[in-house]
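> What follows is a protein structure lacking sequence information:
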């Protein structure tokens, strides 16, 4: 067996830095992983993530760090398409009926996760600034897995609309909450620079600029595609603007996710014809999703589980409790359907891009650079992402199936609960 293993290792090393080989390996491994996951009645993206984890630096290192860095545009393309899809769900007519409910549910689940994590970490000995900062990061929910699984299952109806609304607003609420908590924590550690007003205004300015860019991009795309008949032309225009919008927002350090969501929102509300854009883009999504989630898997490091320690376990448990309990409480307050009250929280566990972005902001903020527990905070967040990106998708699939969103009547559900 030794000569065979040596030959395999030599072949791997020969193609170790080849970007094209890395992309091909990720796509094919993701395809195989997706098929195996489907056989186990798991969502395909669970297979993509695990395939990426196996091929990545953490295990086989077939796709090393420098190849992962070279594929940085892939997440922006995928998240841009995901964001447009979410934004397209926000038709003004629908918002008039459900907007208030979605706002309340989003706020309650976000504050519940923040409170649960902050209190739990403080009780287990974490310094209060650390507990508050991690609590704010815990409130973030990754929309990518939600949209991908809903697309895979062709899920529709009230539960899906509510879920898309919550994950869309969650990022904006989370960024705002994080700005307030940063100002409070900086005062606690006694290293405030720029004053609390600057820290409080920064997230508000970031959201406002992102929204403005998205509205402008949506209007321009609308004008460009309005009278076009050829699907290939529409694909080129929309994909081009997704990349332009993402590139501009990343360069000026605002949210590409919010901007692209607003582009989708603008398109569907300017003209009913623009709903065809989502159908035209649909054939592009399978390879992009496979590459995106496989690539996300390569960035997971199983060593962070041990490095996060007891506080990592507390963070995971408290966040799950806060998200699930908060969603159930919010849905109860607005008198939503029993299916939404019972299952919405299960679909809110995935955590990725925004959480990483926020912990990077902390590392780069002068007020927090000298914190002795910064490294532990990074490990806790990364461990949470690893666990939630693996267990989150199956729970999201379970929530959508049990709620009746996949057109199969959930156990015990009535016809009014499975409404579209």
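Received the coordinates, thanks. Not measured: the values here are computed from a predicted model.
> Centre-most residue in the chain?
Closest to where the C-alpha atoms of the chain average out (C-alpha atoms, centre = their mean) is residue 142, at 1.9 Å.
> mind listing what that residue touches?
167, 350-355, 388-389, 392 (C-beta atoms under 8 Å, 6 or more residues apart in numbering). For the C-beta atoms, the positions are set from N, CA and C on the backbone; glycine is no exception.
> By pLDDT, rank the residues you listed and give me the bottom one.
Minimum pLDDT for the contacts of residue 142 is recorded at residue 353 (67).
> hmm, back to that, quick check: nearest residue in space to the residue nearest to the centre of the chain, chain neighbours excluded?
The shortest distance from residue 142 to any non-neighbouring residue, by C-beta to C-beta, 6 or more residues apart in numbering, is to residue 352 (3.9 Å).
> ok, that neighbour - how many residues close by?
Residue 352 sits with 24 neighbouring residues when counted by other C-beta atoms under 10 Å.
> give the contact list for it.
Neighbouring residues of residue 352 by C-beta under 8 Å, 6+ apart: 142, 144-145, 296, 385, 389.
> can you list those in a markdown table and add secondary structure?
Formatted as a markdown table, these follow (DSSP: H, G, I helix; E, B strand; the rest coil):
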| residue | secondary structure |
| --- | --- |
| 142 | coil |
| 144 | helix |
| 145 | helix |
| 296 | helix |
| 385 | helix |
| 389 | helix |
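> Residue 289: which of the residues you listed is nearest?
residue 144 (8.3 Å; C-beta to C-beta).
> Distance check, the closest one against residue 339.
According to C-beta to C-beta, to the nearest Å, residue 144 and residue 339 sit 23 Å apart.
> ok, now residue 40?
Distance from residue 40 to residue 339, by C-beta to C-beta: 25 Å.
> Tell me which of these two has more neighbours.
Comparing residue 40 with residue 339 by neighbour count (other C-beta under 10 Å), the higher total belongs to residue 339, at 25 against 9.
> hang on, that one packs against residue 403?
Yes - contact criterion C-beta atoms under 8 Å: residue 339 and residue 403 qualify, at 4.2 Å.
> Just give the nearest non-adjacent residue to residue 329, would you?
residue 108 (5.5 Å).
> which SSE is that neighbour in?
Per DSSP states H and E: residue 108 is located in helix 92-123.
> Return the set of buried residues in that helix.
95, 98, 101-118, 120-121 (16 or more other C-beta atoms under 10 Å).
> Name the next helix or strand following that helix along the chain.
helix 128-138.
> Looking at that following helix now, give me its mean pLDDT.
91.
> swap in stretch 285-302?
Here the average pLDDT along stretch 285-302 is 79.
> same deal with stretch 231-242?
Stretch 231-242 comes out at a mean pLDDT of 91.
> what's the burial count for the residue nearest to residue 210 when sequence neighbours are not counted?
Computed as C-beta to C-beta, 6+ apart, the closest residue to residue 210 that is not its neighbour in sequence is residue 258, at 3.9 Å. By the criterion of other C-beta under 10 Å, residue 258 has 25 neighbours.
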